[in-house]
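Any chance you could fold what I've pasted below:
(chains A, B, C and D)
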2 protein chains.
Amino acid sequence: MATIKDVAALAGVSISTVSRTLSGIAPVSDETREAVMKAVEELNYQPNVLAQGLKRGRSNLISLIIPNIMNPIFPAVARGVEDRARNMGFNVILCNTDEKLDVEEDYVKKLQMRWVDGYIFATASGNSAHIRELHGQGVPVVLLIRGMDLAVDQIVLDNFKGAYEAVSYLISQGNGSVAIYNGRTDIELYQERYNGYLKALEDAGIPFDENLVLGSAQNAEQTNTYPSVMEMLEKGLRPDAIFVASDPMALGVMRAIRDFGLRVPDDISVIGFDNLEFSAMLEPPLTTVSQPLYKMGALAAERLIKRIERKGASKPPRIFRINSKLIVRHTVKAK
Amino acid sequence: MATIKDVAALAGVSISTVSRTLSGIAPVSDETREAVMKAVEELNYQPNVLAQGLKRGRSNLISLIIPNIMNPIFPAVARGVEDRARNMGFNVILCNTDEKLDVEEDYVKKLQMRWVDGYIFATASGNSAHIRELHGQGVPVVLLIRGMDLAVDQIVLDNFKGAYEAVSYLISQGNGSVAIYNGRTDIELYQERYNGYLKALEDAGIPFDENLVLGSAQNAEQTNTYPSVMEMLEKGLRPDAIFVASDPMALGVMRAIRDFGLRVPDDISVIGFDNLEFSAMLEPPLTTVSQPLYKMGALAAERLIKRIERKGASKPPRIFRINSKLIVRHTVKAK
DNA sequence: CTGAAAGCGCTTACAG
DNA sequence: CTGAAAGCGCTTACAG
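As a prediction, this is how the structure comes out:
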């Protein structure tokens, strides 16, 4: 590939002049500019990003750190990050941590050697010392999907409101008793969804029944939803509806209801959370709460890169609490 | 961050010696080594990858170029690539092209400025001049999922065999007439699946009926499957089974069958292709053909990186034709 | 407006 | 076994 020297030689100027012409930062005479541009064109010259980075202390690389791209909420997030980053002249390095702290720390260490300019974290981890440290060193960081108590930009869903609206909708349709199947409440977003559920009940004057709380505490993931729902049904409990804190979990819930011999939504209504691609294609199509994952990813990338580019003189950090949207399909019945 | 100079100063040696000690490539006295290592430890020194790259002409970065991470077959592929790359000391830059040639070319151009060491392409594109060019320049390239006529490593599914087995299974269960809902046959893998379908019919002595061929030619994607199936049903055609060339398309097919008032599998059996995560959770769970996406991604990364490391003296390119596996669930009924 | 020079942080012949 | 020097491809004060 052609280097700046080749361009300088062909244009008959010094490499300094080539550099200045290209950066547009200093004044250059018209004829010089023309000669340089012609040479650039002719040689199809592209500046070497490694060399630029070494000089400027920048790599134009950001890193997206997520638990697992195979978790169905992340592809849209990643796509949003990638698209916006590309438009702003950055590439993104994708990292999967499986929620393992040591993997995450190892990644960050390696990426620092690479002079990655900024980090988007969409990982949980109660202990996030390495994120704090990064931020303490002045490295731009933004938190996505999962927030934490740190003075950086955060793009998170208004989970409380999303859950509140879903449960209120259920109640408005005449479903007097509403169960919840929640995720791990040590993850903040599930705790918020739980709070939204409680508040909706309270505002409707419906007494809380702890027998109607499934999942939650334990390491509850979708695989477990089936037996717990079965168990509840076998105990003779018959809520009018179940609010399920994620679409994949809702699948297991619906299957359990059906295998028990009941119908969705005729006997029990179900509402999910996430609005994954397959949710619309289920039988019946799932009513659920949609989060604008793509947009959230794009916003995260944009905030991060703006910070990278302004460096010190940035605006104070901000928490973006994004609104979800209820998607009404066919798993809720008016009673 | 500490640089090699700091280490040299602290250890009381030259930077050359530090470099040699760390690379382990040249002999160093024991006491020197100890002093250097102690300094490295103390300063928590990490060599600057940008500087190393500039010197060595290597970035330890590979690029994975796919149509769209939101297409459900790609998360597993990406995860496989990323895991293996990481184990081998490389990071991966993810690129989504939406099958647009100009986006893809633009990406490659930018990535070359970054001295990306190798490329994994999982994109179609009849016109793949830029891939040929890359390969012509001696840049390591591997093709994944979608092959082409080029002398590089390729990791592709044996689509012919997968389809052949699926259709033969359908026939063995007594389904005498089998329709196919195929993808765009200008994409090689769909053409191969079509050929497998034809061959299975032929080997079973079942005459080919062109009325039973849906999708295929047009820009057929999942959204379109519903109306075409409806149309076929309304024409009075009643195949015993439909072989659908992808799971997302199978969803629409099943819905159409059901909306028409028939049952899956009692009236019409359905078999998909891909074995996506949601396929097991459908109602009824989908019988389908599984491709080992994660493994294929990992293999692609491994081959690519081995080539990067050996450079010139590599083995001749090889086409890996991976076997699929029939996953029997509940959408096929013995007749 | 333009060029020569220093330097970003490394690696690697070249001497010794 | 070790150090001084050149150089990877750029950018950016510093002179002029």
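
Outline the domain layout of chain A.
Domain segmentation of chain A under automatic domain parsing yields A:4-47, A:59-157+A:293-323, A:159-291.

can you tell me which of the ones you listed comes nearest to DNA strand D?
Nearest to DNA strand D among the domains of chain A is domain A:4-47; the distance by Cβ to the nearest atom of the strand comes to 2.9 Å. Where you see a C-beta, it was placed from the backbone N, CA and C, and this is true even at glycine.

picking that back up, and the domains of chain A as TSV, adding mean pLDDT?
Below are the domains of chain A laid out as TSV (pLDDT from 0 to 100):
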stretch	mean pLDDT
domain A:4-47	89
domain A:59-157+A:293-323	90
domain A:159-291	90
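
Can you name every helix or strand that the helix or strand hosting A:Arg84 contacts?
Per DSSP states H and E, A:Arg84 falls inside helix A:74-87. Under the contact definition 3 or more Cβ pairs under 8 Å, 6 or more residues apart in numbering or on different chains; DSSP states H and E, helix A:74-87 sits against strand A:61-66, strand A:91-96, helix A:293-310, helix B:74-87, strand B:91-96.

Quick one: distance of the last one to the chain centre.
What separates the centre of strand B:91-96 from the centre of its chain is 13 Å, taken as Cα atoms, centre = their mean, to the nearest Å.

again, but for the third one
From the chain centre to the centre of helix A:293-310 is a distance of 11 Å (Cα atoms, centre = their mean).

Report whether that helix contacts DNA strand D.
No: judged by Cβ under 7 Å from any atom of the strand, helix A:293-310 stays clear of DNA strand D, getting no closer than 12.9 Å.

Dump the C-alpha coordinates for that helix into PDB.
Only the C-alpha atoms of helix A:293-310 are listed here, as PDB (Å, rounded to 0.1, in the frame of the first residue of the first chain):
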ATOM      1  CA  LEU A 293     -32.900  -2.100  21.500                       C
ATOM      2  CA  TYR A 294     -31.400  -0.900  18.200                       C
ATOM      3  CA  LYS A 295     -31.900   2.700  19.100                       C
ATOM      4  CA  MET A 296     -30.500   2.200  22.600                       C
ATOM      5  CA  GLY A 297     -27.400   0.700  21.100                       C
ATOM      6  CA  ALA A 298     -27.000   3.600  18.600                       C
ATOM      7  CA  LEU A 299     -27.500   6.100  21.300                       C
ATOM      8  CA  ALA A 300     -24.800   4.400  23.500                       C
ATOM      9  CA  ALA A 301     -22.300   4.500  20.600                       C
ATOM     10  CA  GLU A 302     -23.100   8.100  19.900                       C
ATOM     11  CA  ARG A 303     -22.600   9.300  23.400                       C
ATOM     12  CA  LEU A 304     -19.500   7.300  23.800                       C
ATOM     13  CA  ILE A 305     -17.900   8.700  20.700                       C
ATOM     14  CA  LYS A 306     -18.800  12.200  21.400                       C
ATOM     15  CA  ARG A 307     -17.100  11.900  24.700                       C
ATOM     16  CA  ILE A 308     -14.000  10.400  23.000                       C
ATOM     17  CA  GLU A 309     -13.900  13.300  20.600                       C
ATOM     18  CA  ARG A 310     -14.300  16.100  23.100                       C
END
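
nearest to B:Ser279, of the domains of chain A?
Among the domains of chain A, the nearest to B:Ser279 by Cβ to Cβ is domain A:159-291 (9.1 Å).

So A:Met37 belongs to a helix, correct?
Yes: when DSSP: H, G, I helix; E, B strand; the rest coil is applied, A:Met37 is found to be in a helix.

returning to what we had before: would you reformat the domains of chain A as JSON lines and include mean neighbour count and distance to B:Asn71?
Putting the domains of chain A into JSON lines (neighbours: other Cβ atoms under 10 Å in any protein chain shown; distance: least, Cβ to Cβ, whole Å) gives the following:
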{"stretch": "domain A:4-47", "mean neighbour count": "16", "distance to B:Asn71": "30"}
{"stretch": "domain A:59-157+A:293-323", "mean neighbour count": "19", "distance to B:Asn71": "8"}
{"stretch": "domain A:159-291", "mean neighbour count": "20", "distance to B:Asn71": "10"}
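
before we move on, back to that, measure how the helix holding A:Arg84 sits relative to helix A:293-310, angle-wise.
Relative orientation of helix A:74-87 with respect to helix A:293-310: 40 degrees, computed using axes from the mean of the first three to the mean of the last three Cα atoms, to 10 degrees.

Could you export helix A:74-87 as CSV, keeping only the C-alpha atoms?
Presented in CSV, the C-alpha positions along helix A:74-87 are these (Å, rounded to 0.1, in the frame of the first residue of the first chain):
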residue,chain,number,x,y,z
PHE,A,74,-28.2,-8.4,22.0
PRO,A,75,-28.1,-8.8,18.2
ALA,A,76,-30.2,-5.7,17.8
VAL,A,77,-28.2,-3.8,20.4
ALA,A,78,-25.0,-4.8,18.7
ARG,A,79,-26.3,-3.7,15.4
GLY,A,80,-27.3,-0.3,16.7
VAL,A,81,-23.9,0.2,18.2
GLU,A,82,-22.1,-0.9,15.1
ASP,A,83,-24.1,1.2,12.6
ARG,A,84,-23.7,4.4,14.5
ALA,A,85,-20.0,3.8,15.3
ARG,A,86,-19.4,3.2,11.6
ASN,A,87,-21.1,6.4,10.6
